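Visitor: just the structure for this:
(2 chains)
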Amino acid sequence: MELDASTLPALARGCAILGAGGGGDTEIGLLASLQAVEDHGPVPLVDLDELDDEALIMPCGGVGAPTVSIEKIESGDEGGRLREMVETLWNRRVVALMSAEIGGSNGIIPVVWAARIGLPVVDADGMGRAFPEIPQVTMEIAGISPNPAVMTDERGNVIVFRATDGDWMERMERAAAVEFGGMSWSSEYQLTVGEAKAGAVVNHAVSLAIRLGTVVAQAEHDPVEALAREIHAARLIVGKIVDVERRTTAGFVRGSATIEGLDADAGRTLRLEIQNENLVALERKRALAMVPDIITVLDSESANAISTERLRYGQRVTVIAFPCDPIWRTARGLELAGPRHFGYDLDYAPVEDLHALA
Amino acid sequence: MPSPDLRLGVDVGGTNTDAVVLDADDRLLAKAKVPTTPDVTRGIEAALAGVVERVDRARITHAMFGTTHATNAVLERRGLRRVGVLRLGGPATRAIRPLFGWPADLREAVSAGERIVHGGIEFDGRELSPLDAEAVARFAGEVAGRADAIAIASVFAPVSDEHERAAEEIVRKELGDLPISLSSQIGSLGLLERENATVLNASLIDVARGVTSAIAGALEGNGLRPVTFFAQNDGTLMDLEFAIRFPVLTIGSGPANSIRGAAYLTGRTDAIVVDVGGTSTDVGVLVRGFPRESSFGVEIGGIRTNFRMPDLVTIALGGGTIVTEDALGPESVGYRILEEALVFGGSTPTLTDAGAAAQRFELGDRSALGHHGPLLAAAIARSDATLADAIDRVKTSREAVTLVAVGGGAPLVPEDLAGTSEVLRPDHSDVANAIGAAIASVSGEVDRVFHPGAAGREAAIAEASSEAIERAVSAGAARDSVEVVEIEEVPLAYLTDPAVRIRVKAGGPLAWG
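Guide: Numbers count the residues shown, from 1 in each chain, chains lettered A, B, ... in the order given. Model (predicted):
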């Protein structure tokens, strides 16, 4: 498959749905990728099976605040700079770029860079959704080292990090991203195709995103229904946003959104807890769904996913939840990205145990 | 002597100009509908003459104007100034050029050149990069003679307009008194949408000047000296001077007015409202008496902006829409309908002719349709399907809904349309827009960065709210009925001292006496 003007809009829609509200505005990524393929030609989407086991894959994406990324758009040269430094540090060629995070803008950004430097994008990612922290990737669970990490900004500054573990990488990169103006671009957890095939990545994440985007775009009557069926999602509430609160603590935008039910859900109130992504859906203090399962707010009519920074009073929304990649439900996965990791006193319960899924 | 208590509502559309006079109890005292004229003024004059002769003109104290001129100018690429587009954000933002993704013909009509130069602001007010003053001057020099206006958009202009102001000064030195639009005065966060809106604003200056001077002339010609307001995006009012500087804010006022007018005319609070004009048709939703607002940035002529507007589907279909063998529009004969349409003795098949052939209109000379029968039948079927599709797109549920058809082209809407339970065509629906303008409220807005500190978020919102209410009152709203209608807060991430950008809008009906 090729990533071009005919497939990129579906990819962008799908990335927004998989983003659980995070990962940045996909519209920006979509426009940037459309410009890149217009200027440099389409990007091949390759399967892991098409690549040599010894070949090196470069996971990459943006690190920063969603509110910043809708203003300070990338220059487009960041990926080329990352590749150059990664190849220097590994003394090997990079054969393909991989989205570290399929959710949100980060699912598309590698396409922008791949078009410009003439490399393919591999049909996989490191999350199967969006998460806020650097070590919250499947490569970390598989024991791949985050080192050496490379970060750059739009001006041309480059930093190489060697951290004692993923948490330190997060602390150092976050500090640097703040200094760079709230948004920066990086690669960590570079790996071989063999390691990726052995389960260190979420395989076929890019084609899944394209499929979801296509289902929504081509739904004849009710795109929300069509999507829920395709992805086996629970519909948590159909309603209207009545309050959105956002605050910034320790470098992350935290907050909550309150949704009042409409029609069949009249009288119900759902509270979404947010830390860049939608993390927990609560009704009368009872959790209806929780991280690492994917909670996404959809526009009730179009089934377009609404990112956390675009949630606004009055929007008519449907909140859906669907299962994460099974690797996140392992003990190490839940330790890295379960509800307790984010400070909620909740034992993880899979969304399919809480609801009958579509 | 009777007290001064009447207000005039006027809607200047691409095809017709409508006027109404309402009293203090919102009773309709007079209405008139005349074709919009090429010079605009004579049409407004005629519409005003049609209503003021039936009331005591000395009692008219306020005039509210709504116009789709700006929207139509964009849709039809007409009367647009050529704009030099300057973005301050390099080396960032290059991954998406200014105007990337615009329809090619609109970009051609509007752009006199685009440039990204070093500059811009970070989220916390620092410089993204120093403003490249030389590059700004060079760009101004290059577009001199080609550009009739300049649009300047800086990264994070809502946090600080410093670079935009500095660039404005440089451009002013190079190009004299060319109109310059700054993004910091127009939109909120979201660089591309704000930049798009700024470019549209700059390109619409002549359209706005034309309409406002036509209005001033027409009021004077009828011996009227009311306080004059313009309806904006959200259906609230702004003064005339403001409208000239920010014409893009009048985009979307037509639909807001017609939806409010439809509520007034039917007494319904929930319905889908179809406003069929001469050039385009807007399909919107009336929820509890007010237009439902869009949850995403609104598209105008294929361009994303970040305006909150009535949630609409706009289709290029109206009474003046030109019918050909293989297409229905988007070209329209507009105000020339009375000369061009077949039923009026013209030679251009239009949707009005198709409506007449289908017995939906009782007007003109049906025998003039002659051999165009099959063409017109195909056109009306196509029009019905397009309408049904548009209605389906704005619906929130599959349930059949009440449809209110307003506007001069309302008869084009069939009695029986898929997805509707009833189709209402209230009396005076042909002037719903003008009525909506006349009953529009006044708003006040606050949009700035607060440092909530110890007092917390609620205190900051309360402070912003009371400021917005005061602004609405000083703009003319009745104090006892002003309400906060919209609150938006966006935190500026990564700050040790938390800062949040709060936007509050308050609105209420005009105070009388």
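Visitor: please identify the helix or strand for residue B:202.
Guide: Using DSSP states H and E, residue B:202 sits within helix B:191-203.
Visitor: let me fix that: residue B:284
Guide: Going by DSSP H and E, residue B:284 is part of strand B:281-287.
Visitor: so where is chain A shaky, pLDDT-wise?
Guide: Counting by pLDDT under 70, chain A has low-confidence residues at A:66, A:247-253, A:313-314, A:358.
Visitor: quick one: contacts for the residue most central in space within chain B?
Guide: Among the residues of chain B, the one closest to the centroid is residue B:251, at 1.7 Å (Cα atoms, centre = their mean). Neighbouring residues of residue B:251 by Cβ atoms under 8 Å, 6 or more residues apart in numbering or on different chains: B:70, B:71, B:74, B:200, B:233, B:300, B:307, B:309. Quick note: C-beta positions are derived from backbone N, CA and C, even for glycine.
Visitor: which ones, among those, also lie beside chain A?
Guide: With the criterion set as Cβ under 8 Å from any Cβ of the partner chain, no member of these is near chain A.
Visitor: count of neighbours near the residue lying closest to residue B:162 once chain neighbours are set aside?
Guide: Nearest non-adjacent residue to residue B:162, counting by Cβ to Cβ, 6 or more residues apart in numbering or on different chains: residue B:121, 6.9 Å away. Residue B:121: 28 surrounding residues under other Cβ atoms under 10 Å in any protein chain shown.
Visitor: can you verify my assumption that residue B:121 contacts residue B:154?
Guide: Yes - in this structure, residue B:121 is within contact of residue B:154 by Cβ atoms under 8 Å, at 6.1 Å.
Visitor: ok, how many other residues are close to residue 265?
Guide: Went with chain A since none was named. Neighbours of residue A:265 using other Cβ under 10 Å come to 18.
Visitor: can you look at chain B instead?
Guide: The number of residues packed near residue B:265 is 21, by other Cβ under 10 Å.
Visitor: do you know how far it is from chain A?
Guide: Separation of residue B:265 from chain A (Cβ to the nearest Cβ, to the nearest Å): 25 Å.
Visitor: got a list of what that residue touches?
Guide: For residue B:265, the contact set (Cβ under 8 Å, 6+ apart) comprises B:404, B:406, B:426, B:427, B:428, B:429, B:432, B:435.
Visitor: spatially nearest residue to residue A:335 (excluding sequence neighbours)?
Guide: Nearest to residue A:335 is residue A:341, by Cβ to Cβ, 6+ apart, at 6.7 Å.
Visitor: okay, and which of the contacts of residue B:265 map to strands?
Guide: The strands, defined by DSSP state E, take in B:404, B:406 from the contacts of residue B:265.
Visitor: closest to residue A:304 out of the contacts of residue B:265?
Guide: Nearest to residue A:304 among the contacts of residue B:265 is residue B:404, at 27.2 Å by Cβ to Cβ.
Visitor: next helix or strand past the helix holding residue B:202?
Guide: For helix B:191-203, the succeeding helix or strand toward the C-terminus, using DSSP H and E, is helix B:205-221.
Visitor: what does stretch A:219-232 contact?
Guide: A:17, A:211-212, A:215-217, A:233-235, A:298, A:300-303, A:318, A:320, A:322-323, A:352, A:357-358, B:398.
Visitor: mind running it again at 6 Å?
Guide: The contact list for stretch A:219-232 (Cβ atoms under 6 Å, 6 or more residues apart in numbering or on different chains) reads A:215, A:216, A:235, A:298, A:303, A:318, A:320, A:322, A:357, A:358.
Visitor: would you check which pair of those residues lies furthest apart?
Guide: Farthest pair in these (Cβ to Cβ) is A:216 and A:357. Separation: 17.8 Å.
Visitor: these two: who's more crowded?
Guide: Shown here are residue A:216 and residue A:357; by other Cβ under 10 Å, residue A:216 has more neighbours (22 against 17).
Visitor: who's in contact with that one?
Guide: A:13, A:223, A:227, A:303.
Visitor: wait, which of the residues you listed is closest to chain B?
Guide: Taking Cβ to the nearest Cβ as the measure, chain B lies nearest residue A:223 of those, at 11.0 Å.
Visitor: number of residues surrounding the closest one?
Guide: 21.
Visitor: now the angle from the helix holding residue B:202 to helix B:205-221?
Guide: Taking axes from the mean of the first three to the mean of the last three Cα atoms, to 10 degrees, one finds helix B:191-203 and helix B:205-221 inclined to each other by 50 degrees.
Visitor: what is the mean pLDDT for helix B:191-203?
Guide: On average, the pLDDT along helix B:191-203 is 94.
Visitor: what's it packed up against?
Guide: strand B:83-90, strand B:149-154, strand B:180-182 (3 or more Cβ pairs under 6 Å, 6 or more residues apart in numbering or on different chains; DSSP states H and E).
Visitor: format the ones you listed as CSV; extra columns: distance to chain A and mean pLDDT.
Guide: As requested, the helices and strands packed on helix B:191-203 are exported to CSV (distance: least, Cβ to the nearest Cβ, whole Å; pLDDT from 0 to 100):
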stretch, distance to chain A, mean pLDDT
strand B:83-90, 7, 97
strand B:149-154, 9, 97
strand B:180-182, 15, 96
